[in-house]
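[1] just need the structure, nothing else, for what follows:
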Amino acid sequence: MAFSARQVRALRRQPDHRHIRTREANGRELTYLEGWYTISEANRIFGFDGWNRETVESRCVLARENRGTFLAVYLARVRVTVHADGATIIREGHGTGEGRGASPGEVHDIALKAAETDATKRALTTFGKPFGLELYRGGRTASSQKPLPSPPPVPVPADAHLGFHPDDTTPIPRPSRYYGRRQDLVTRDRAQGRRNLEVQPSADTSIVPASPGLFPSQIDKSVLAIAEPKRLRDKAHLRFVASQPCLVCGRQPSDPHHLRFAQPRALGLKVSDEFTVPLCRGHHRQLHQAGNEAAWLEDLDINALEIAQGLWEESRAKTFPTAAQAPGQQVPADPPQAGPRQEASKSPNEPN
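    Residues are numbered from 1 along each chain as shown. You can find the predicted model right below:
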């Protein structure tokens, strides 16, 4: 035998299952070794100067062009020569390659190289298992056909989010330092909230007191450390404004127009309903087209903020006729001030 004992042991060894690839072809799953890995194994077993390959024949068997897309199919025959202990071993193999793309030169180059690589792999396969000979039996190698069984799942206590066992203070090991950290924080906060309700079931859990004169579903965020402007919502007031004549021409019915310059802008939120004036459909559309509504109203000599405040007070007086006499309840009657305005967040059940 021309091969050395070391080479024989290498030729009897199965290929590394990590380099076995699969692909679908005509409804079947095929297993193969990549070309670079096959050539690398030949260099390792035979030596960098112990073998060589030559393309004996190559020809284009199909070339086609369809609407700017080119297709080329090549057939190649490759001869592999191995020099071992003064002996010369010759093996041959054939293969095909296909290329598709928009460049004809690149398509032919890809198809030719694929055919030569395929032929080289088939020629080297005749030397034994490390070049994929076992793959021709219709499946993967023995090492890849029997995957290692997965370890049984480790039971986790119900209160694992606390980080301790139920009966002692022994920390529970985690697979990773950051495993489930976010979910643990959410679970901890919810558990703390339930404990607080159990300790003080009758205590007032509201963080922000309700503002006088607002609906029960609205809260006054203007008393927070970082105050937010009030944005009151009152459908009855909007219907009242719509029943008033247009400020410009006196026509009816009108649209309740929110004065955008009355409060700081917010993403997806209109200004408070208290800053609403009646405008007919034509002048309402003209105002939106003008862009600068403050200048548009000033040119018409209309004090929109003062009119909106008067309509708000009139509407609130009709809605809450005894609010001024109710203890702790007052109808907000302060005129709007210049500069940043405080406003309550709108109720989640009310539209914008």
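
[2] all contacts plus neighbour counts: C-alpha atoms, from now on.
    OK.

[3] which helices and strands does whichever helix in the chain runs longest pack with?
    Looking across the chain with DSSP state H, the single longest helix is helix 104-125. The contact analysis (3 or more C-alpha pairs under 8 Å, 6 or more residues apart in numbering; DSSP states H and E) places helix 104-125 against helix 35-46, strand 51-66, strand 69-84, strand 87-101.

[4] quick check: buried residues in stretch 299-312?
    Residues of stretch 299-312 classed as buried: 304-305, 308-312 (neighbour count, 16 or more other C-alpha atoms under 10 Å).

[5] picking that back up, highest average neighbour count across the helices and strands packed on helix 104-125?
    strand 69-84 (a mean of 20; mean count of other C-alpha atoms under 10 Å).

[6] quick one: average pLDDT of it?
    For strand 69-84, mean pLDDT is 93.

[7] could you dump that strand to PDB, C-alpha only?
    The C-alpha coordinates for strand 69-84 follow below in PDB (Å, rounded to 0.1, in the frame of the first residue of the first chain):
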ATOM      1  CA  THR A  69     -31.600  37.400 -17.000                       C
ATOM      2  CA  PHE A  70     -28.900  35.000 -18.200                       C
ATOM      3  CA  LEU A  71     -28.700  31.200 -17.500                       C
ATOM      4  CA  ALA A  72     -25.700  29.000 -18.100                       C
ATOM      5  CA  VAL A  73     -25.000  25.300 -17.400                       C
ATOM      6  CA  TYR A  74     -21.600  23.700 -17.600                       C
ATOM      7  CA  LEU A  75     -20.300  20.200 -17.600                       C
ATOM      8  CA  ALA A  76     -16.700  19.500 -16.400                       C
ATOM      9  CA  ARG A  77     -14.500  16.400 -16.000                       C
ATOM     10  CA  VAL A  78     -11.600  16.700 -13.500                       C
ATOM     11  CA  ARG A  79      -8.600  14.400 -12.900                       C
ATOM     12  CA  VAL A  80      -7.100  14.200  -9.400                       C
ATOM     13  CA  THR A  81      -3.600  12.800  -9.000                       C
ATOM     14  CA  VAL A  82      -2.100  11.800  -5.700                       C
ATOM     15  CA  HIS A  83       1.600  11.000  -5.100                       C
ATOM     16  CA  ALA A  84       2.200   8.600  -2.200                       C
END
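
[8] follow-up on the earlier one: in TSV: the helices and strands packed on helix 104-125, plus distance to Phe261.
    Shown next, in TSV, are the helices and strands packed on helix 104-125 (distance: least, C-alpha to C-alpha, whole Å):
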stretch	distance to Phe261
helix 35-46	69
strand 51-66	61
strand 69-84	58
strand 87-101	58
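
[9] out of those, the one nearest Ala290 is which?
    strand 69-84 (53.1 Å; C-alpha to C-alpha).

[10] output the contacting helices and strands for that closest one.
    Partner elements for strand 69-84 (3+ C-alpha pairs under 8 Å, 6+ apart): helix 35-46, strand 51-66, strand 87-101, helix 104-125.

[11] could you redo these as CSV and give each row mean pLDDT and distance to Arg260?
    Output for these, formatted as CSV (pLDDT from 0 to 100; distance: least, C-alpha to C-alpha, whole Å):
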stretch, mean pLDDT, distance to Arg260
helix 35-46, 90, 67
strand 51-66, 93, 59
strand 87-101, 92, 56
helix 104-125, 92, 61
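
[12] Thr81 is nearest to which of those?
    strand 87-101 (4.5 Å).

[13] what's the closest one in contact with?
    Strand 87-101 has contacts (C-alpha atoms under 8 Å, 6 or more residues apart in numbering) with 2, 69-83, 107-124, 126.

[14] can you give the strand pairings for it, parallel or anti for each?
    Applying DSSP bridges, strand 87-101 is found paired with strand 69-84 (antiparallel).

[15] and the angle for the strand it pairs with with helix 104-125?
    Put simply, strand 69-84 runs at 30 degrees to helix 104-125, going by axes from the mean of the first three to the mean of the last three C-alpha atoms, to 10 degrees.

[16] which residues of the stretch 101-250 of the chain score low on pLDDT?
    138-186, 189, 193-228 (pLDDT under 70).

[17] contact partners for Gly128?
    Contacts for Gly128 (C-alpha under 8 Å, 6+ apart) come out as 11-12.

[18] helices of the stretch 151-300 of the chain, residue ranges please.
    181-199, 235-242, 281-290, 293-299 (DSSP state H, counting those that start in this stretch).

[19] so for Gln286, which of the helices and strands packed on helix 104-125 sits nearest?
    strand 69-84 (54.6 Å).

[20] quick one, phi/psi of Pro15?
    phi -70, psi 160 (degrees, to the nearest 10).

[21] wait, it sits on Gly132?
    Yes: the pair Pro15 / Gly132 is scored as a contact, 6.8 Å apart, by C-alpha atoms under 8 Å.

[22] report the separation between Ser103 and Gly68.
    Going from Ser103 to Gly68 by C-alpha to C-alpha, to the nearest Å gives 8 Å.

[23] swap that for Arg59, please
    23 Å.

[24] and if you look at Gln286?
    53 Å.

[25] the two: which has the busier surroundings?
    Gln286 (13 against 9; other C-alpha atoms under 10 Å).
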